[in-house]
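S.K.: predicted model and sequence below, questions to follow.
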Amino acid sequence: MMLRIILMVLLLFFVTACNAENQTTKEDASASSYNREMTDEEQTYIDYILKEDYETLISITQNRESELKNDYYRIALGLKLYEEVEIRKKELDVTNEEIELRYSTILFMLDRVKFIPAEIKDKVKEVKKLSQYQKDYYANKQL
């Protein structure tokens with residue numbers, strides 16, 4: 001009986017370890033499988049993000065006629081919405097549902113970006129991580 005329990009625990013441990021390793025390699029593969037050559041236009045968009053001039057970048061890329069413009073439109077909009085929700089959640093007339101929906105929208109926008117250049121990758125990752133945490137927090141606060 002004790003041997004069966006030990007074997008079950010070991011089996012569970014190995015299955016979990018294999019699953020975690022498999023997920024990590026999938027994420028690495030998807031991140032590295034798509035690459036884009038840096039252009040002057042893209043460098044200009046990155047500069048707008050680094051200067052936090054999201055409004056200008058949104059207006060430039062709003063037609064989203066190319067994949068490049070689509071990606072930067074989503075990044076700029078997601079970062080702008082994040083700034084807005086951080087201000088909005090301090091107001092008295094806001095509901096938990098509204099805040100959760102805003103964070104969900106941010107995650108939706110940033111998850112659809114196909115390529116994030118290294119210069120802004122940390123910023124986008126941080127906003128995604130904080131948005132996910134806040135979305136979960138406000139979702140649980142509603143219960």
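M.R.: It's in. Residues are numbered from 1 along each chain as shown.
S.K.: list the residues that contact the most centrally placed residue in the chain.
M.R.: Among the residues of the chain, the one closest to the centroid is Lys128, at 3.4 Å (CA atoms, centre = their mean). Neighbour list for Lys128: Ile106, Leu107, Leu110, Asp111 [criterion: CB atoms under 8 Å, 6 or more residues apart in numbering]. C-beta here means a position set from N, CA and C on the backbone, and glycine is covered the same way.
S.K.: all helices of this protein, in order?
M.R.: 2-33, 40-50, 54-61, 67-88, 96-111, 118-141 (DSSP state H).
S.K.: just give me the neighbour total for the nearest residue to Leu110 once chain neighbours are set aside.
M.R.: Distances taken as CB to CB, 6 or more residues apart in numbering put Gly78 closest to Leu110, at 4.3 Å, once the chain neighbours are dropped. By other CB atoms under 10 Å, the residues close to Gly78 number 23.
S.K.: I figured Gly78 hits Ser104, correct?
M.R.: No: using CB atoms under 8 Å, Gly78 makes no contact with Ser104, being 11.4 Å away.
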